[in-house]
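>>> Below are the sequence and a predicted model; questions follow.
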Amino acid sequence: AQRVTQPEKLLSVFKGAPVELKCNYSYSGSPELFWYVQYSRQRLQLLLRHISRESIKGFTADLNKGETSFHLKKPIAQEEDSAMYYCALKPTGFQKLVFGTGTRLLVSP
Amino acid sequence: NAGVTQTPKFQVLKTGQSMTLQCAQDMNHNSMYWYRQDPGMGLRLIYYSASEGTTDKGEVPNGYNVSRLNKREFSLRLESAAPSQTSVYFCASSDGQGVYGYTFGSGTRLTVV
């Protein structure tokens, strides 16, 4: 079975500090991984896809198959980054996504 | 370009009442999904429809039914609401392979008293 684990429910940092939101997964195949973000009372939005190796809003995430991780990083946090972040896995051959429980990022001034 | 539209945005039901949550997408996506979002539990898949005419159970289907009315519309029905179904419900859609991720609706906040 597939599983996505986000060990931190809440991550609180000061503006300007580096941020790392952890995501570990359990899946026997080759996964497709995503990060979604949900700002206060808004819909979930796609932030990153691992296959595109892109940087969005200063965030990056690298797939580490050896550690089965897909941590989300940003070198300098901004107050507008405060939101709920979800890591998600798409099993090969299926359209459905399996989500982690989410991490709330709070960036204080 | 509306994307994924959900109605209603808010609803309060009494235990035992029924209701249907509506979802429509205008992106010509093949696949549609219903998730519920609960504190500390993230998003859990209720039902999904890989293509028009097909539906499949997700992780938490009990107490729900779905209808893929056409390519655009995918409804979720609660036949006899229970307090445990108090949640925020999200509809989403994706292209055939889901490679580009999901597009989500704005959610329905449902309270069952």
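Yes, it's here.
>>> B:Asn28 is in what secondary structure piece?
When elements are assigned from DSSP states H and E, B:Asn28 belongs to no helix and no strand.
>>> and chain B, which residues reach chain A?
Residues of chain B lying close to chain A by CB under 8 Å from any CB of the partner chain are B:31, B:33, B:35, B:40-45, B:48, B:50, B:58, B:90, B:92, B:94, B:96-107. All C-beta spots, glycine's among them, are computed from the backbone N, C-alpha and C.
>>> and chain A, which of its residues are near chain B?
Checking chain A against chain B by CB under 8 Å from any CB, the hits are A:6, A:9, A:32, A:34, A:36, A:42-46, A:49, A:51, A:86, A:90, A:94-102.
>>> could you redo the last one with a cut-off of 10 Å?
By CB under 10 Å from any CB of the partner chain, the residues of chain A that approach chain B are A:4, A:6, A:9, A:32, A:34-36, A:38, A:41-49, A:51-52, A:84, A:86-88, A:90-91, A:93-103.
>>> ok so, going back, can you flag which of the residues of chain B next to chain A belong to strands?
B:31, B:33, B:35, B:42-45, B:48, B:90, B:92, B:94, B:103-104 (DSSP state E).
>>> just to revisit the earlier point, could I have the PyMOL command that selects the buried members from the residues of chain B next to chain A?
One line in PyMOL is enough to select the buried ones among those; burial here means 16 or more other CB atoms under 10 Å in any protein chain shown:
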select buried, chain B and resi 31+33+35+42+43+44+45+48+50+58+90+92+94+98+101+102+103+104+105+106+107
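>>> what is the residue positioned nearest the centre of chain B paired to in the beta sheet?
Centroid-nearest residue in chain B, with CA atoms, centre = their mean: B:Trp34, separated by 2.8 Å. Beta-bridge pairing for B:Trp34 (DSSP bridges): B:Tyr47, B:Cys91.
>>> Tell me who's in contact with it.
B:6, B:21, B:23, B:44-49, B:55, B:58, B:60-61, B:64, B:66, B:74-76, B:89-92, B:105, B:108 (CB atoms under 10 Å, 6 or more residues apart in numbering or on different chains).
>>> again, 6 Å this time
Under the criterion of CB atoms under 6 Å, 6 or more residues apart in numbering or on different chains, the neighbours of B:Trp34 are B:Ile46, B:Tyr47, B:Leu76, B:Cys91.
>>> I'd like these as TSV, with neighbour count and pLDDT appended.
Below are these laid out as TSV (neighbours: other CB atoms under 10 Å in any protein chain shown; pLDDT from 0 to 100):
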residue	neighbour count	pLDDT
B:Ile46	24	96
B:Tyr47	22	96
B:Leu76	22	98
B:Cys91	30	97
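>>> List just the nearest of those residues to A:Thr68.
Nearest to A:Thr68 among these, counting by CB to CB, is B:Ile46 at 26.7 Å.
>>> Look up how far A:Thr5 lies from the spatially closest residue to the closest one that is not a sequence neighbour.
With sequence-adjacent residues excluded and distances taken as CB to CB, 6 or more residues apart in numbering or on different chains, B:Ile46 is closest to B:Trp34, at 4.4 Å. Distance, B:Trp34 to A:Thr5, by CB to CB, to the nearest Å: 23 Å.
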